[in-house]
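Undergrad: model this:
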Amino acid sequence: MPKNSSKYKQGDIVVLELPFTDLLGSKLRPVLVLNAINLGDDVIVAKITGSPGLHRIPITQLDLAMGRLKREPSYIDCSSIFTVEKKLVMKVVGRLAEEALLKVKEELSNIFSLK
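TA: Take a look at the predicted model:
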């Protein structure tokens, strides 16, 4: 049963039913919580995938402060960002270490030209 009462923190790795970009289906997958402030009923996430690519930050078990990766290495896709309702989150499965989270923030800053 999805939980919507939990407060998710930036760096949490959570599992949710994420829609495909064509919106014709969805897949249960891990995502990284990106927002640093409470957004009410929503959370901003980046997809975690097993495939390398442009704007994807590789992570291994050593990059986690908590939890375990199902696939190693995995990649945080900084170009695949979604806003979803917290009630869609199934559970927290891990937490990214601060050093790895900093790499994600740097890539997001580059993508959005926030410097």
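
Undergrad: beta partners for Arg56?
TA: Taking DSSP bridges, one finds Asp77 as the beta-bridge partners of Arg56.

Undergrad: Neighbours of Ala100, how many?
TA: 20 (other C-beta atoms under 10 Å). C-beta coordinates here come from the backbone N, C-alpha and C atoms, glycine included.

Undergrad: distance between the ends of stretch 92-100?
TA: 18 Å (C-alpha to C-alpha, to the nearest Å).

Undergrad: and that stretch, which residues are buried?
TA: Neighbour counts over stretch 92-100 (16 or more other C-beta atoms under 10 Å) mark 92-96, 100 as buried.

Undergrad: Can you tell me which of the residues you listed end up in helices?
TA: Members of the buried residues of stretch 92-100 lying in helices (criterion: DSSP state H): Ala100.

Undergrad: okay, the buried residues of stretch 92-100 in CSV with pLDDT and distance to Tyr8 next?
TA: Output for these, formatted as CSV (pLDDT from 0 to 100; distance: C-beta to C-beta, whole Å):
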residue, pLDDT, distance to Tyr8
Val92, 96, 7
Val93, 96, 12
Gly94, 97, 12
Arg95, 98, 10
Leu96, 98, 12
Ala100, 98, 17
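
Undergrad: Return the set of residues that bridge with the residue sitting nearest the centre point of the chain.
TA: Computing the C-alpha centroid of the chain and ranking residues by C-alpha atoms, centre = their mean puts Leu32 first, at 1.5 Å. Applying DSSP bridges to Leu32 gives these bridge partners: Ile13, Ala46.

Undergrad: In this structure it contacts Val43, no?
TA: No: Leu32 lies out of contact with Val43 (C-beta atoms under 8 Å); the separation is 10.3 Å.
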